[in-house]
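Q: Show me the folded form of this:
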Amino acid sequence: MKSTTKSKNARVARTSVVKETPNILEEQIESLHRIIPEAFSESKVDFEKLRAILGETIDTRPERFTFAWAGKRNAIQILQMPTRATLIPARNESVDFDNTKNLFIEGDNLEVMKLLYKAYFGKVKVIYIDPPYNTGNDFVYPDNYADPLHTYLKITGQKDTEGNLLTSNPETSGRFHSTWLSMVYPRLFLARQLLSDDGSVWMSIDDTEVANLREICNEVFGEENFVATFLWEKRTTRENRRVFSFNTDYILCYAKNKDLFQASRKMLPLSKEVLDRYSNPDNDPRGDWQSVSLNAQAGHATPNQFYTIKTPGGRALSAPPGRCWSVTKPRMDELIRDKRVWFGKSGNNVPRLKVFLSEAEEGLTPQTLWTAEEVGTNDSAKKALIELFSGKDVYDTPKPVGLIKRIVQVSTASSHKDLVLDFFAGSCPTAQSVLELNRDDGGNRHFIMIQLQEPTPEDSSARKAGYENIAEIGKERIRRVIARMKREKTGRLDPEQRNSKEDTGFRVFELDVSNYKPWKGVGDKTAEAYAAEMETHIESLVDGWKKENVIYEVAIKEGFGLTSNIEQEKKYEDNEVWRVSDFEKEQTFLICLDNKIKTSTIRSLGLTKDNLFVCRDTALDDTGAANLALQCNLKTI
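A: Numbers count the residues shown, from 1 in each chain. This next block holds a predicted model:
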């Protein structure tokens with residue numbers, strides 16, 4: 001009887017590790033319950049009570065505005081579906097794996113972002129994406145609502161290739177826009193969850209879907225959080241083969257909270273062209289300056305803006321006809337006394353106001369028109385990529401690094417450890433932008449790139465160059481940029497002058513099936529069939545599991561970041577115990593994956609109720625489980 005009680009207590013004390021990502025619908029309902037508990041009855045939402053509480057804020061008009069498309073309900077369902085997938089490290093694909101906080105993740109971005117949700121909720125400062133434009137050609141994100149991971153594995157050739165899902169989205173399908181919207185919607189919803197409160201998302205798009213993308217973003221982010229539509233000059237040459245030459249694309253910007261974003265946004269640094277306008281011809285001790293006009297149109301002037309100025313050389317000057325002075329006489333006298341008015345070297349020129357460089361260094365206000373000269377074009381981006389790849393043409397439509405640098409500049413601070421996400425990473429110009437911008441201004445930004453292993457066309461120059469999928473191109477681009485930065489001291493800031501060590505590495509992870517055995521169910525609903533299936537789950541890990549892969553899966557699903565530090569605790573002699581530490585979140589746990597945890601190890605762990613300890617369920621007998629459960633938060637695999 002005594003042993004039975006101990007066994008019961010041990011089973012109650014230990015809980016299983018999290019085996020899938022959070023259920024977003026359940027989290028939303030829990031949030032609603034915390035805010036309006038009176039709208040619930042027997043743990044269910046009572047819509048009549050909710051309507052009564054919200055009162056006139058509910059829009060019940062029959063002709064109210066809504067945005068819907070065929071397949072929207074399915075898109076919401078796939079968003080709400082937890083994933084049992086995992087991310088496994090690929091050290092041989094990485095650069096300086098153990099010392100970097102930059103990430104490249106191969107896999108379907110929807111599944112990957114579900115895995116990142118718990119650890120990176122509210123942590124990303126800026127997101128830039130260049131989603132596939134809806135051209136009607138190859139479309140590689142046709143989500144399978146029954147099994148998204150199976151879809152991904154088929155696309156990437158990790159399962160049988162029968163029914164390869166690389167398909168076209170022709171206008172004749174009847175769902176030309178709907179298919180694209182169903183792809184974008186759940187990804188943008190998850191993107192918003194990852195953004196910090198003052199974060200922003202920037203999206204490249206063309207005419208085909210710009211209107212629909214605005215509507216989707218209004219729904220996901222709120223119309224009040226729309227920031228601006230930027231017009232980018234993507235080409236300077238004329239496109240003669242079309243009715244009109246399309247020389248521009250759009251970049252939509254939305255904030256998670258517009259007020260907070262605007263309060264934290266940064267000005268653009270002064271360009272060389274602007275800096276060249278400053279000089280110091282009169283050796284002013286306040287440094288370089290440039291002059292600006294001191295007269296204005298007279299249409300809305302007040303009487304005290306019309307007066308005569310006596311120059312140092314003795315001339316009497318009035319404002320030109322139809323003009324007035326831009327400041328009043330007392331203000332003008334004050335500026336002259338402060339030596340802020342320039343009358344030319346002769347002292348007899350029309351007065352101009354001196355604007356000092358030291359006062360203008362906070363930067364320039366970004367404009368919504370971004371020219372080719374300022375940020376580059378598709379053509380300049382392609383030429384730069386060909387040069388980086390030693391003359392090989394590996395990617396057709398890269399975005400220019402200058403364009404994404406502009407976005408990162410106005411959305412992040414060099415002094416902060418801001419996180420930049422691109423979940424349609426392509427050839428990874430965003431990663432290059434972050435690395436080079438950090439070199440320019442001494443910043444500590446880090447990136448997360450997510451890219452599907454989308455196959456390159458069979459007869460393409462990329463395939464001939466040895467790149468079978470786009471993810472390979474993206475990883476190689478980052479490696480080449482890092483190698484070039486190490487060879488050359490490019491950028492305005494010497495790496496040795498930085499306040500902290502420059503991060504020139506990246507960790508690669510790959511989306512894969514879970515290390516935990518799935519419950520397959522039984523065909524024959526008999527006690528014997530269930531017993532046989534349960535027998536296969538005595539060992540809860542899949543055949544051929546690897547220690548590091550399991551540790552990362554536990555970490556990810558417990559909410560630890562992918563840059564967590566994993567190190568073996570050497571003080572335990574009888575078992576192999578690992579410490580996982582997420583220094584950003586200031587949290588840690590211990591894990592042991594040995595077949596058996598010895599009593600000596602349990603006694604020496606020295607854990608408290610605030611500590612998490614993870615091990616295999618079969619590694620503990622009832623006594624060991626009871627003892628550990630008294631020490632700490634025990635979870636088993």
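
Q: For the rest of this, base every contact and every neighbour count on C-alpha atoms.
A: Noted.

Q: quick one: which helix or strand includes the residue lying farthest from the centre of the chain?
A: Computed with Cα atoms, centre = their mean, the residue of the chain farthest from its C-alpha average is G314, at 62.3 Å. Assigned by DSSP states H and E, G314 belongs to no helix or strand.

Q: Excluding chain neighbours, give the residue nearest to it in space.
A: N348 (7.2 Å; Cα to Cα, 6 or more residues apart in numbering).

Q: What are the structural domain limits within this protein?
A: If you go by automatic domain parsing, the domain ranges for the chain are 86-269+364-512, 280-357, 533-636.

Q: Highest mean neighbour count out of these?
A: Each of those was scored by mean neighbour count; the highest is domain 86-269+364-512, a mean of 19, by mean count of other Cα atoms under 10 Å.

Q: I'd like the domains of the chain laid out as TSV, including mean pLDDT.
A: Putting those into TSV (pLDDT from 0 to 100) gives the following:
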stretch	mean pLDDT
domain 86-269+364-512	86
domain 280-357	89
domain 533-636	92
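
Q: so can I have a markdown table of these showing distance to L79?
A: Below are these laid out as a markdown table (distance: least, Cα to Cα, whole Å):
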| stretch | distance to L79 |
| --- | --- |
| domain 86-269+364-512 | 5 |
| domain 280-357 | 51 |
| domain 533-636 | 17 |
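
Q: quick one, which of those is nearest to I35?
A: domain 86-269+364-512 (18.3 Å; Cα to Cα).

Q: now do the same end-to-end measure for the closest one.
A: 5 Å (Cα to Cα, to the nearest Å).

Q: can you check stretch 619-636 too?
A: When the termini of stretch 619-636 are compared using Cα to Cα, they are 9 Å apart.

Q: how about V292, secondary structure?
A: The three-state label given to V292 by DSSP: H, G, I helix; E, B strand; the rest coil is strand.

Q: ugh, wrong one, R477
A: Applying three-state DSSP: R477 is helix.

Q: Give me the residue at the spatial middle of this structure.
A: L421 (2.1 Å).

Q: quick check, distance from the strand or helix carrying it to the centre of its chain.
A: Using DSSP H and E, L421 sits within strand 419-422. How far strand 419-422 lies from its chain's middle: 3 Å, per Cα atoms, centre = their mean, to the nearest Å.

Q: Show residues contacting the very next helix or strand once past that strand.
A: Downstream of strand 419-422, the next assigned helix or strand under DSSP H and E is helix 429-441. Here helix 429-441 makes contact (Cα atoms under 8 Å, 6 or more residues apart in numbering) with 128, 398-402, 404-405, 408-409, 414, 420, 422, 443-449, 477-478, 481-482, 490-495, 502, 504.

Q: for stretch 248-258, same thing?
A: By Cα under 8 Å, 6+ apart, stretch 248-258 touches 192, 195-207, 210, 214, 217, 221, 224-235, 261.

Q: Can you tell me how far the residue farthest from the centre of the chain is from P321?
A: Look at G314 and P321: by Cα to Cα, they are 21 Å apart.

Q: before we move on, the earlier item: closest to K19 out of the domains of the chain?
A: Comparing those by Cα to Cα, domain 533-636 comes nearest, at 6.9 Å.

Q: is it fair to say L511 lies in a strand?
A: Yes - if the criterion is three-state DSSP, then L511 is within a strand.

Q: For it, which residues are in contact?
A: 85-88, 105-108, 112.

Q: Who does it form a beta bridge with?
A: Note on L511: beta-bridge partners L87, judged by DSSP bridges.

Q: How much space separates it from T83?
A: 11 Å.

Q: again with R192
A: 19 Å.

Q: for N549, same thing?
A: N549 is 17 Å from T83, by Cα to Cα.

Q: what does Q28 give?
A: Q28 sits 17 Å away from T83, going by Cα to Cα.

Q: the more surrounded of these two?
A: T83 (23 against 11; other Cα atoms under 10 Å).
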